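Engineer: what's the 3D shape of this:
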Amino acid sequence: MNSSISSPGERPSRFTRFGQKPLMRGWSHALAALAAMVVTILLLVETRTDAVRFVSVLVFGMSMIGLYLGSAVYHLGRWQGRKHALMRAIDHSNIFLLIAGTYTPICVNVLTGWLRVLVLVLIWTIGLSGVVSTMLQLHLPRWASTGLYLGMGWVSLIALPQLAQLLPWQAIAMLVAGGVLYSIGAVVYALKRPNPLPRIFGFHEIFHLFTIAGGAAFVAMIWIWVVPFPRQ
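Structural biologist: Residues are numbered from 1 along each chain as shown. Next comes the predicted model:
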């Protein structure tokens, strides 16, 4: 366990070694959590007559809500010591769950045969392993954890040939756009740059905006092309 994180004497999470966190920290994800709740309800209504499709979008929706809500609670709260360590672990674990949750409706409703099973098993094995290691506080360097998130996200390349055969190019473009937006955000997070207004709106806020934009691209793809796709 990293004692610098779990130490009881640690300052509240609204503060960093540079002083108080930016004023906007956490607010974008708080708004995104509300939007994710609305989107999830609408997707569930849309798929209510198909149990398999319903469950797949429920997993996706709950992973979105979990990530944005957990992030907002963590970043807006004033956590100390062990509570701060726990909230941070939950926040980081939710990234793994969101990636796996986003894959789920695409795999279940579009992919076919062995590829469907392979990608689902692979992505959830990596995701749950990431959650366990994070909750056990087996801390990785920032660059390593960022690389793991990116690698997990781009597992979709395995399925891209089949997806390109089954879905229109617009859907593939939206999928790629979502991945690129997430990746740019991850690079910003890893480099801590750009950091325009450290006291108001810093690099972490930019990272959060890219996660929202990437998530919106996947919502559009799933809503427009995956939900109505004739599952085989």
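Engineer: Helix, strand or coil: sort out residue 89 for me.
Structural biologist: State at residue 89, reduced to three classes by DSSP: H, G, I helix; E, B strand; the rest coil: helix.
Engineer: Touching, it and residue 138? I think so.
Structural biologist: No: using C-beta atoms under 8 Å as the test, residue 89 is too far from residue 138 to be in contact (10.1 Å). Backbone N, C-alpha and C define where each C-beta goes, glycine included.
Engineer: more crowded one of these two?
Structural biologist: residue 89 (20 against 10; other C-beta atoms under 10 Å).
Engineer: where does the more buried one land on pLDDT?
Structural biologist: For residue 89, the pLDDT comes out at 94.
Engineer: who are the neighbours in contact with it?
Structural biologist: 134-135, 137 (C-beta atoms under 8 Å, 6 or more residues apart in numbering).
Engineer: Okay, and which of the residues you listed map to strands?
Structural biologist: Secondary structure from DSSP state E places none of the contacts of residue 89 in strands.
Engineer: Just the ones of the residues you listed in helices?
Structural biologist: 134-135 (DSSP state H).
Engineer: Name only those of the contacts of residue 89 that count as buried.
Structural biologist: By neighbour count, with 16 or more other C-beta atoms under 10 Å, the contacts of residue 89 hold residue 134 as buried.
Engineer: Out of the contacts of residue 89, the closest to residue 215 would be?
Structural biologist: Distance to residue 215 across those (C-beta to C-beta) is lowest for residue 134, with 19.8 Å.
Engineer: quick one, strands of this protein?
Structural biologist: Using DSSP E, strands in the chain cover 15-16, 19-20.
Engineer: ranges for the helices of this structure?
Structural biologist: 3-6, 27-46, 51-76, 81-109, 113-135, 142-153, 160-166, 169-191, 203-221.
Engineer: lowest-pLDDT helix or strand in the protein?
Structural biologist: Ranked by mean pLDDT, DSSP states H and E, the weakest helix or strand in the chain is helix 3-6, scoring a mean of 36.
Engineer: picking that back up, least confident of the strands of the chain, on average?
Structural biologist: For the strands of the chain, the weakest mean pLDDT is recorded on strand 15-16, namely a mean of 48.
Engineer: in the protein, which segments are predicted with low confidence?
Structural biologist: Residue ranges of the chain with pLDDT under 70: 1-19.
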